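Peer 1: Need a 3D model of the sequence below.
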Amino acid sequence: MLLASPNSPELAEYVTSSAIKTILDISRNYFEYILMDCGCALVDPVITALENSDTIFMVNDVNILSLKRAKVCLNVIQQLNQGDKARLIINKNIKKNNVNISDFENLLGIPAYAVITNDFKSVNSSLNNGQPVIVYKPRSPIAKDMNNFVDKLVLEREGTLKNDKKSKTRKNS
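Peer 2: The predicted model follows:
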């Protein structure tokens, strides 16, 4: 299920902290997993969402601006005493880049939880066909990375995540 953003930007002011808390409280009765895309603005409703989350995934592209923003965001998260919930996701990863994953890990002091490959061709094709990339191009690198992320998240939550390489790969049965 999806709860979409308001139809027009001026309606966003009605998305208040109390509305976010209410939505989360009610949703927890119906869903095991709730994912919220809060964007990068740390306004009151976003802070409420962070404080009421089990895990905070900071999704970053691999570039210097994202690295700077990630540090600022993590500082705010830590000031809110939510730093232990923060996990790093590297998005649109490319191998040849001046900024790399270790730069994020070293500056932020947290390991990359997941790395999502830059696969513009597959993403663009799936968008143009109106289907999620994991459905439209299930064998693409980005779909595999997304499935690995979900597998890791579920196994970790269930308490069955092992440190061996086999548990980190999706089993096809």
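Peer 1: what separates the longest strand seen in the chain from the chain centre, distance-wise?
Peer 2: When the chain is parsed with DSSP state E, its longest strand is strand 86-93. For strand 86-93, the separation from the chain centroid amounts to 7 Å (computed by C-alpha atoms, centre = their mean, to the nearest Å).
Peer 1: Same check on stretch 30-43?
Peer 2: Worked out by C-alpha atoms, centre = their mean, stretch 30-43 lies 9 Å from the chain centre.
Peer 1: Export that stretch to PDB, keeping only CA atoms.
Peer 2: Below are the C-alpha coordinates for stretch 30-43, written out as PDB (Å, rounded to 0.1, in the frame of the first residue of the first chain):
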ATOM      1  CA  TYR A  30      -1.700  -3.200  10.100                       C
ATOM      2  CA  PHE A  31       1.900  -3.400   8.700                       C
ATOM      3  CA  GLU A  32       5.000  -5.100   9.700                       C
ATOM      4  CA  TYR A  33       7.200  -2.700   7.700                       C
ATOM      5  CA  ILE A  34       6.500   0.900   7.100                       C
ATOM      6  CA  LEU A  35       8.900   2.800   4.800                       C
ATOM      7  CA  MET A  36       8.800   6.600   4.700                       C
ATOM      8  CA  ASP A  37      10.600   8.800   2.200                       C
ATOM      9  CA  CYS A  38      11.200  12.000   4.100                       C
ATOM     10  CA  GLY A  39      13.400  13.800   1.700                       C
ATOM     11  CA  CYS A  40      16.300  15.800   3.000                       C
ATOM     12  CA  ALA A  41      14.600  18.700   4.700                       C
ATOM     13  CA  LEU A  42      14.800  18.300   8.500                       C
ATOM     14  CA  VAL A  43      11.500  20.000   9.300                       C
END
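Peer 1: Which parts of that stretch count as buried, going by neighbours?
Peer 2: Ile34, Met36, Cys38 (16 or more other C-beta atoms under 10 Å). No exception for glycine: its C-beta is placed from N, CA and C like everyone else's.
Peer 1: In a markdown table: the residues you listed, plus distance to Ile23.
Peer 2: Formatted as a markdown table, the buried residues of stretch 30-43 follow (distance: C-beta to C-beta, whole Å):
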| residue | distance to Ile23 |
| --- | --- |
| Ile34 | 9 |
| Met36 | 9 |
| Cys38 | 13 |
